[in-house]
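Asker: Provide a 3D model corresponding to the input given below.
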Amino acid sequence: MTTKALRFGSRLLRQSSLALIGLFVVAGGTSCTRPTVGFCTIDENCDFGQFCSLPAHECTTATVIRGVFSGGQVVPPTASGASGTFMMVVNADSTMGSYTLTHNVPNVTSIDMFQGKVGSGGIPTNKLTLETNATMPLDPDLVRAMKVGNYHLLIQSSALPSGEVRAQLFSSNPLDTAEKISFDGVLSGLQQSPPNTSAGTGTVHMELDEPTQSISYSYSMSGIQATINGIHIHAGGFNVNGPHICDLPAVTDPMVQGALTEAQILDCVSNPMYYVAQKHLWRIILKSGDAYLNIHSEQFVKGELRAQLLRNRAVPFGVVLAPVAGGTGTASGVASFYLNSDQTMLAYNLSTDKVPGITGVSLTRGAGGPELTCVALTASGGADKSQGYCPVVASSGTASDLTATDLTTDAVFLRIKTGGTPTNDVEGQLKLPR
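Answerer: You can find the predicted model right below:
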């Protein structure tokens, strides 16, 4: 065992009254304890650092691969609100893995494993069954690559046959993936789910230092409309409201810098008031882009500003749909969008169940202006829970092209058409957080 591993293990021992909170092989075959007898089949029954679904004598030696699903990890990202988790226990000679997969993706057509790092596409390697529990043949090279994040899972659906949600795979053991990783986000009410009308803006930068198990952060903000009463890091992809990972000081300074030490993070993720499974997933949640910073205020109790913490320059945002100018209707809705990092694809997800008599949908350049081409969106008819992509071009070849300039200048509107007069339609302006 390395000196670093011994130091890390001793810190964990000091922070727990348990006989052993095991991440490491301890000389003499010392086993770990758990609050339930026998197998630890769910995260809630495991203490920090214990590997689930293993008998006590194996919990310090096994390789466990974990992943969390979100639409934002797909390349290009989707605006899906679906989520899920994956856990695989690898046998002693790395030739077989037993896994548990949970998700809430409707109408799944395929689940596949790909070779490909965070933010990149991939090469298909294995096809998983659609069952919750199953096994997978492995080999030592594949296991080594999965441990460091070189593989991911992709769940395809009838709504998004090219992939609705994705989970990057990593080892549960932090010593297997000792990286320093940066994350950035844009604070905006448009990233809240549902979006709000706050005029506040800001940016956030975070760094995860796995060798020291610490997080440093800095953020700036302006235009907050009420007193700040909470600042938290949450687990959850875009369009998903998730539980706390950790709290930051609720300061009102326009520019803030700080850090969370290993001990502070362990205190956060061990708090029984929060999401219990994050004790084993918090690093993987961050590394997968499945975390966000949420700034709560007295006016917006559920969050005034939010920033998805991403490893690329993709931009998620929401649009509130309301009656058109001069309209007489009372219908409302929400549309969620995700512009990929190179501004070539715009994913959409419609929530239009409160709009009666829908007859069509369109993107327009300006309110009531000429329609822009998005074949998938038009074909959806504006139906509730419609998902898909609109292509974005750098410069307009025809008047109906959706361009990156249209989006960056807030020139695009989404209009849901109804069977009544045009004054019963609803629409919303697409505004990129900035």
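Asker: The protein: helices as residue ranges?
Answerer: With DSSP state H as the criterion, the chain has helices at 3-14, 140-147, 262-269, 278-287, 375-380, 404-408.
Asker: Buried deepest among those, which one?
Answerer: Neighbour counts (mean count of other C-beta atoms under 10 Å) averaged over each of those peak at helix 278-287, with a mean of 23. In short, each C-beta sits where N, CA and C put it, glycine included.
Asker: what's it packed up against?
Answerer: The helices and strands touching helix 278-287, judged by 3 or more C-beta pairs under 8 Å, 6 or more residues apart in numbering; DSSP states H and E, are strand 63-69, strand 170-171, strand 180-187, strand 201-209, strand 228-235, strand 244-248, helix 262-269.
Asker: List the buried residues in the longest one.
Answerer: Which is strand 201-209. Buried residues in strand 201-209, counted by 16 or more other C-beta atoms under 10 Å: 201, 202, 203, 204, 205, 206, 208.
Asker: With stretch 420-434 instead?
Answerer: For stretch 420-434, the buried set under the neighbour-count rule, 16+ other C-beta under 10 Å, comprises 424, 425, 426, 427, 428, 430, 431, 432, 433.
Asker: Taking those residues, tell me the two that lie furthest apart.
Answerer: Distance extremes for the buried residues of stretch 420-434: the farthest pair is 424 and 433 at 29.9 Å, using C-beta to C-beta.
Asker: for the buried residues of strand 201-209, which one is nearest residue 187?
Answerer: Checking the buried residues of strand 201-209 one by one against residue 187 (C-beta to C-beta), the nearest turns out to be residue 202, at 3.5 Å.
Asker: per-residue pLDDT, the closest one?
Answerer: Confidence at residue 202, expressed as pLDDT, is 95.
Asker: Just the residues contacting stretch 385-403, thanks.
Answerer: 76, 78-80, 159-160, 164, 339, 343-352, 361, 363, 370-374, 376-377, 380, 404-405, 407, 412 (C-beta atoms under 8 Å, 6 or more residues apart in numbering).
Asker: go with 6 Å
Answerer: 159-160, 343-347, 349-350, 372-374, 376-377, 380, 404 (C-beta atoms under 6 Å, 6 or more residues apart in numbering).
Asker: Give me the nearest residue to residue 360, chain neighbours excluded.
Answerer: Using C-beta to C-beta, 6 or more residues apart in numbering and skipping residues adjacent in sequence, the residue nearest residue 360 is residue 417, 4.2 Å away.
Asker: For residue 360, grab the count of nearby residues.
Answerer: 15 (other C-beta atoms under 10 Å).
Asker: Who are the contact partners of it?
Answerer: Applying C-beta under 6 Å, 6+ apart, the residues contacting residue 360 are 381, 382, 417.
Asker: Just confirm residue 363 contacts residue 372, I think it does.
Answerer: Yes: assessed by C-beta atoms under 6 Å, residue 363 is found in contact with residue 372 at 4.3 Å.
Asker: hmm, back to that, distance to residue 98 and mean pLDDT added to the helices of the chain, as CSV?
Answerer: Output for these, formatted as CSV (distance: least, C-beta to C-beta, whole Å; pLDDT from 0 to 100):
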stretch, distance to residue 98, mean pLDDT
helix 3-14, 26, 37
helix 140-147, 13, 96
helix 262-269, 25, 88
helix 278-287, 17, 88
helix 375-380, 38, 97
helix 404-408, 45, 95
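Asker: so can I have a markdown table of these showing distance to residue 122?
Answerer: As requested, these are exported to a markdown table (distance: least, C-beta to C-beta, whole Å):
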| stretch | distance to residue 122 |
| --- | --- |
| helix 3-14 | 31 |
| helix 140-147 | 12 |
| helix 262-269 | 30 |
| helix 278-287 | 17 |
| helix 375-380 | 23 |
| helix 404-408 | 26 |
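Asker: Those helices: which one's closest to residue 229?
Answerer: Closest to residue 229 of the helices of the chain, according to C-beta to C-beta: helix 262-269, at 18.2 Å.
Asker: helices or strands up against the closest one?
Answerer: On a contact count with 3 or more C-beta pairs under 6 Å, 6 or more residues apart in numbering; DSSP states H and E, helix 262-269 meets helix 278-287.
Asker: Contacts for the helix it packs on next, please.
Answerer: 43, 48, 66, 68, 170, 172, 208, 235, 245, 269, 291.
Asker: distance between that helix and the chain's centre?
Answerer: On the basis of C-alpha atoms, centre = their mean, to the nearest Å, helix 278-287 sits 11 Å off its chain's mean C-alpha point.
Asker: mind checking the end-to-end distance for stretch 212-226?
Answerer: With C-alpha to C-alpha, to the nearest Å as the measure, stretch 212-226 spans 36 Å from end to end.
Asker: Can you tell me how far the closest residue to residue 143 other than its chain neighbours is from residue 255?
Answerer: Spatial nearest neighbour of residue 143, excluding adjacent residues (C-beta to C-beta, 6+ apart): residue 94 at 4.3 Å. Going from residue 94 to residue 255 by C-beta to C-beta, to the nearest Å gives 48 Å.
Asker: Those two - which one has more neighbours?
Answerer: The neighbour comparison of residue 94 against residue 255 (other C-beta under 10 Å) goes to residue 94, with 16 against 11.
Asker: List phi and psi for the more buried one.
Answerer: For residue 94, the backbone dihedrals are phi 60, psi 40 (criterion: degrees, to the nearest 10).
Asker: what pairs with residue 134 across the strands?
Answerer: Residue 134 has these beta-bridge partners by DSSP bridges: residue 99.
Asker: Specify which member of the contacts of stretch 385-403 is nearest to residue 145.
Answerer: When the contacts of stretch 385-403 are compared for distance to residue 145 (C-beta to C-beta), residue 160 comes out closest, at 26.2 Å.
Asker: How many residues are close by the closest one?
Answerer: Neighbours of residue 160 (other C-beta under 10 Å): 25.
Asker: Could you report the pLDDT at residue 151?
Answerer: We note a pLDDT of 98 for residue 151 in this prediction.
Asker: For it, grab the count of nearby residues.
Answerer: 25.
Asker: And residue 107, by the same measure?
Answerer: By other C-beta under 10 Å, the residues close to residue 107 number 10.
Asker: Chain neighbours aside, what residue packs nearest to it?
Answerer: Once flanking residues are discounted, residue 107 sits nearest to residue 158: 4.2 Å by C-beta to C-beta, 6+ apart.
Asker: quick one: residue 238 and residue 195, what's the gap?
Answerer: Using C-beta to C-beta, residue 238 is found at 11 Å from residue 195.
Asker: More neighbours: the two, which one.
Answerer: Taking neighbours as other C-beta under 10 Å, residue 238 and residue 195 compare with residue 238 leading, 30 against 21.
Asker: number of nearby residues for the closest residue to that one other than its chain neighbours?
Answerer: Nearest residue to residue 238 in three dimensions, chain neighbours excluded: residue 316, at 3.8 Å (C-beta to C-beta, 6+ apart). Using other C-beta under 10 Å, residue 316 has 29 other residues around it.
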